[in-house]
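Novice: Only the shape, not the letters, is given here:
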């Protein structure tokens, strides 16, 4: 809930302070401390491409209100669900629940993975995706 409240606030929407405040929980604390250059690059990119507040609010609204739970059982396409077990933004249990409802879904949990595990652990992420694509 604390993360949702922070993400929903509109104070200083496209400011560097706000970008950093919302970005840091998406990384593991260790990565954020050890890879300041990566954090700085993402902040720079976000400052160069401001987010339209209305679009951001629509995304938050969809995250809170969209519910396709009753329909995902009809998915027939091969499905890969990736999640970090240390995601502070979206709990890993959400991925487990989704995988349980999609027939034949492959769930891969990245140990120590944050919300942005694909940045923190790109080799693991790429390997999982490539193996899945080769298989299907």
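Specialist: The structure has been received and is ready for your questions. Since we're looking at a predicted model, the values are computed, not measured. Numbering: from 1, shown residues only.
Novice: quick one, domains of this protein?
Specialist: 2-65, 72-135 (automatic domain parsing).
Novice: Dump those into TSV; add mean neighbour count as well.
Specialist: All C-beta atoms are positioned from the backbone trio N, CA, C, and that covers glycine. Putting the domains of the chain into TSV (neighbours: other C-beta atoms under 10 Å) gives the following:
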stretch	mean neighbour count
domain 2-65	13
domain 72-135	15
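Novice: hey, least reliable of those domains by pLDDT?
Specialist: Looking over these, mean pLDDT reaches its minimum on domain 2-65, with a mean of 85.
Novice: Quick one: the helices in the protein, in order.
Specialist: 2-8, 16-23, 29-34, 36-48, 53-65, 92-101, 117-120, 122-135 (DSSP state H).
Novice: how far is the third one from where the chain is centred?
Specialist: Think helix 29-34. On the basis of C-alpha atoms, centre = their mean, to the nearest Å, helix 29-34 sits 17 Å off its chain's mean C-alpha point.
Novice: Look up how far residue 112 lies from residue 73.
Specialist: Note on residue 73: its distance to residue 112, by C-beta to C-beta, to the nearest Å, is 31 Å.
Novice: and if you look at residue 118?
Specialist: Residue 118 is 13 Å from residue 112, by C-beta to C-beta.
Novice: okay, which residue is most central for the chain?
Specialist: Closest to where the C-alpha atoms of the chain average out (C-alpha atoms, centre = their mean) is residue 115, at 4.3 Å.
Novice: Residue 92 is in contact with that one, correct?
Specialist: No - Residue 115 is beyond contact range of residue 92, at 10.2 Å (criterion: C-beta atoms under 8 Å).
Novice: Great, nothing more from me.
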